[in-house]
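# I need the structure of the sequence given here:
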Amino acid sequence: MIINNNPGAAMAARVLGESSSALQKSLSRLSSGSKIASPADDAAGTGVAMKFGAQINRIQAAKDNLGNAISYSQTQDGFLQKIGNALDRMSELAMLAQDETKTNADRNLYDKEFQKLDDFVTAIKAKDFNGISLFSGTTVFTVTTSDSGTTMGGAGVTLTDTPWTSVASSGVTTSSDAATALTNVKIAISMLAGSRADVGANMSRYEAESSALSVQKDNVSAARSRIADVDVAVESANFARQQILVQSGTAMLAQANVLPQSALRLIG
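I've put the predicted structure just below:
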């Protein structure tokens, strides 16, 4: 029986300290929802989770870019549809103006509407989306499609070359002018159909890329979750275990501190 040293109490204090530390970590995990309370808990996991987190943010940014590109294309198509309606009416007017039972005075009346519709088409050519021209003649519209910065090019739309310039200079004031105008408008309608097909193809590709990024984001998020997120059920059980160990360790430390007092009985 010894007095100066108390190995039992020292061991009990050490074990109690370890249990208390484990209890604090478990409490931190449960309160934060993160399995990694500090980098020391999982150094490699911390690094991997950090990289996954950055990748998720880049994927979302690429999705946002694609969403803007889809909106850009939808705006293009909306204006092209209105141009198509105008060209349909202009071709109708050009046909009506070729009626030989009408005089040039009658054709001048048709020409008034023809020119106003042409002004409408010309005004649309200058439209933009957030300061970016919709119909500038750009051959490729570049969009990011991945978290690594990979890009793809979409077909551009131009309304500034032939036959648009020919339509702009057309009129239906005479029968021969109306025939020429009809030819120019028909060519413009054919080109417009091709432009709308290009825009539709762009939107289809953008939507497919956005959907693929959504799948990638879900999977990367799941991988990050397995590394960083705490399993509440498992950690709750561990928390209860550490609580019991702390309580029992405290009780045993108290008992270990009492043991040397039995030496007083021998002295007494």
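# where does this structure have low pLDDT?
The chain contains residues with pLDDT under 70 at 1-4, 137-140, 263-264, 268.
# Which stretches in it count as strands?
Assigned by DSSP state E, the strands in the chain fall at 128-129, 132-133, 140-144, 151-155.
# Sheet partners, orientation included, of the third one?
Within its sheet, and counting by DSSP bridges, strand 140-144 is paired with strand 151-155 (antiparallel).
# The residue most central in space within the chain - nearest residue in space that isn't next to it in sequence?
Nearest residue to the geometric centre of the chain (CA atoms, centre = their mean): residue 63, 2.5 Å. Counting by CB to CB, 6 or more residues apart in numbering, the nearest residue to residue 63 once its immediate chain neighbours are dropped is residue 213, at 4.9 Å. Heads up, the C-betas are built off the backbone N, CA and C, glycines and all.
# Excluding sequence neighbours, find me the nearest residue to residue 37.
Counting by CB to CB, 6+ apart, the residue nearest residue 37 is residue 28, at 4.2 Å.
# residues near the one you found, how many?
Applying other CB atoms under 10 Å, we find 15 other residues in the vicinity of residue 28.
# and the protein, what are its domains?
For the chain, the structural domains run 7-33+231-267, 47-227, going by automatic domain parsing.
# Can you redo the ones you listed as TSV, where the extra columns are distance to residue 40?
As requested, the domains of the chain are exported to TSV (distance: least, CB to CB, whole Å):
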stretch	distance to residue 40
domain 7-33+231-267	10
domain 47-227	13
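# Check the gap between residue 201 and residue 151 for me.
17 Å (CB to CB, to the nearest Å).
# An error on my part: the question was meant for residue 60.
Relative to residue 151, and taking CB to CB, residue 60 is found at 17 Å.
# Identify the residues contacting the residue nearest to residue 63.
Going by CB atoms under 8 Å, 6 or more residues apart in numbering, residue 213 touches 59, 62-63, 66, 145-147.
# switch to 10 Å and redo it
Going by CB atoms under 10 Å, 6 or more residues apart in numbering, residue 213 touches 58-66, 145-147.
# For PyMOL, write the selection for the buried entries among those.
Buried members of those can be picked out in PyMOL with the line below, counting by 16 or more other CB atoms under 10 Å:
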select buried, resi 58+59+62+63+65+66+145+147
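# In helices, which of the contacts of residue 213 fall?
The helices, defined by DSSP state H, take in 58-66 from the contacts of residue 213.
# returning to that earlier point: my guess is the residue nearest to the centre of the chain meets residue 210, correct?
Yes: here residue 63 reaches residue 210: they are 5.6 Å apart, a contact under CB atoms under 10 Å.
# Share the number of residues neighbouring residue 256, please.
Around residue 256 there are 17 residues (other CB under 10 Å).
# same question, residue 119
By other CB under 10 Å, the residues close to residue 119 number 12.
# Pretty sure it sits against residue 126.
No: using CB under 10 Å, residue 119 is not in contact with residue 126; the gap is 11.6 Å.
# so what's in contact with residue 63 and residue 210 at the same time?
Contact criterion CB under 10 Å, 6+ apart; residues shared by residue 63 and residue 210: residue 145.
# can you tell me how far residue 48 sits from residue 228?
Residue 48 sits 9 Å away from residue 228, going by CB to CB.
# list the residues that contact both of those two?
Here residue 48 and residue 228 have residue 42 as joint contacts, going by CB under 10 Å, 6+ apart.
# and the two? which has more neighbours close in?
A side-by-side neighbour count of residue 48 and residue 228, using other CB under 10 Å, places residue 228 first with 19 against 15.
# and that one, what does it touch?
33-36, 42, 45-46, 48-50, 52-53.
# Grab the nearest non-local neighbour of it.
Using CB to CB, 6+ apart, the closest residue to residue 228 is residue 49 (4.3 Å).
# Check residue 224 too.
Nearest non-adjacent residue to residue 224, counting by CB to CB, 6+ apart: residue 52, 3.8 Å away.
# mind listing what that neighbour touches?
Listed by CB under 10 Å, 6+ apart, the contact set of residue 52 reads 220-228.
# Could you report the distance from it to residue 218?
In terms of CB to CB, residue 52 sits 12 Å off from residue 218.
# could the contacts of residue 52 be laid out in CSV, adding distance to residue 15?
Formatted as CSV, the contacts of residue 52 follow (distance: CB to CB, whole Å):
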residue, distance to residue 15
220, 41
221, 39
222, 38
223, 37
224, 35
225, 34
226, 32
227, 30
228, 30
